[in-house]
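Peer 1: Mind looking at a prediction? Sequence and model below.
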Amino acid sequence: MATGMAIMGFGGGAFIASPLSVWLMRQFSTPTHIGVAETFIVLGLVYFCFMMVGAVIVRVPAADWLPEGYVPPRESTGLITTENVFVYDALKTPQFWLIWWVLCLNVTAGIGVLGQASAMSQEMFPGRVTAVAAAGFVGLMSLFNMGGRFFWASVSDFLGRKNTYFVFFALGTLLYALVPQTGAMGSVVLFVACYAVIFSMYGGGFATVPAYLRDMFGTRYVGAIHGLLLTAWSMAGIFGPVLVNYIREYNVTHGVAKAQAYNVTMYVMAVLLIVGFVCNAFIHAVDRRYHMKREAAQALGAAE
């Protein structure tokens, strides 16, 4: 839940930065200049101030600190370990790469349609969804993206990370396959409802994966391991938009009506989620040989 709250800020930042950027460019614009450079300078100064506040107030708690009344588990249970795995040893485990693909495929499906949400809603419902309504649709999806980060991360505290990703992939497959049918039915409400849940799970995947890594590899190096895992997001940022744009253009140039041009894309995304479901199914506890020895961990801690 705490991770979801933090990453929810990442998803909601666009609500502040986007209108603020537009307003700043309007203030700095002239008939021959749109004010982009000045806007970036102001935003950079604002971000610098906020980051400095964070750097001053955020502190690592004392090594022996525990919340009042909390009793830490003595032994590993299921996929939740009490041991730690060194950051570069984590790269040697199949679990890291399975989670890498789990995140990559989940994000590929979500980010692929994120950039096309406005155009997709207008082309699937021509004459019924205006440009203004499509912009409102994108804003609504951003809200579900942000809220999903908190909601699904909190749900994972009860379901477990692996089961939560099973929900993402199973429900996501169903919804992506259903989207083309909403267009055929002409149901804007059902279309919006499908995408609301899809984007909530897209955001939820981001918020849940740090806890997934903590469960698998321990707390000590989870930040560094998470940083390495985010390369999956980078690759998904290439795969998703390329797939959506290429398939759409191919269909349109071959005579497929724009209203149906996204159908194949949705089915491809559904197949990717099935692959992600299989990857998630293969994830199990990390082998003991990758766990840090107590003596080595203490020596490394002293050195740090």
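Peer 2: Noted; the coordinates are in hand.

Peer 1: can you list contacts of stretch 210-228?
Peer 2: Stretch 210-228 has contacts (CB atoms under 8 Å, 6 or more residues apart in numbering) with 3, 7, 79-87, 90-91, 95-96, 99, 153, 156-157, 161-162, 165, 209, 229, 283, 285-286, 292, 297. The way it works is simple: take the backbone N, C-alpha and C, and place the C-beta from them, glycine included.

Peer 1: Just the buried ones from those, in PyMOL syntax?
Peer 2: The buried residues among the contacts of stretch 210-228 can be selected in PyMOL (16 or more other CB atoms under 10 Å) with this line:
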select buried, resi 3+7+79+81+83+84+85+86+87+90+95+96+99+153+156+161+162+165+209+229+283+286+292+297
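
Peer 1: Please flag which of the contacts of stretch 210-228 sit within helices.
Peer 2: Of the positions in the contacts of stretch 210-228, 3, 7, 87, 90, 95-96, 99, 153, 156-157, 161-162, 165, 209, 229, 297 sit in helices, assigned by DSSP state H.

Peer 1: what's the offset of the one helix or strand residue 53 maps to from the middle of its chain?
Peer 2: Residue 53 is located in helix 36-57, with elements delineated by DSSP states H and E. Distance of helix 36-57 from its chain centroid, counting by CA atoms, centre = their mean, to the nearest Å, is 24 Å.

Peer 1: residues contacting the residue nearest the centre of the chain?
Peer 2: For the chain, the residue nearest the mean C-alpha position is residue 206 (3.1 Å; CA atoms, centre = their mean). Applying CB under 8 Å, 6+ apart to residue 206 gives the contacts 7, 10, 11, 107, 149, 233.

Peer 1: For the buried ones among those, write the corresponding ChimeraX selection.
Peer 2: Restricted to buried positions by 16+ other CB under 10 Å, the ChimeraX selection for these reads:
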select :7,11,107,149,233
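
Peer 1: can you give me the helices in the chain?
Peer 2: 2-28, 36-57, 87-90, 94-114, 117-124, 131-159, 161-185, 188-217, 222-229, 231-253, 263-281, 294-303.

Peer 1: Present these as JSON lines; the columns should include distance to residue 66.
Peer 2: Below are the helices of the chain laid out as JSON lines (distance: least, CB to CB, whole Å):
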{"stretch": "helix 2-28", "distance to residue 66": "15"}
{"stretch": "helix 36-57", "distance to residue 66": "21"}
{"stretch": "helix 87-90", "distance to residue 66": "25"}
{"stretch": "helix 94-114", "distance to residue 66": "27"}
{"stretch": "helix 117-124", "distance to residue 66": "44"}
{"stretch": "helix 131-159", "distance to residue 66": "18"}
{"stretch": "helix 161-185", "distance to residue 66": "23"}
{"stretch": "helix 188-217", "distance to residue 66": "16"}
{"stretch": "helix 222-229", "distance to residue 66": "18"}
{"stretch": "helix 231-253", "distance to residue 66": "33"}
{"stretch": "helix 263-281", "distance to residue 66": "32"}
{"stretch": "helix 294-303", "distance to residue 66": "18"}
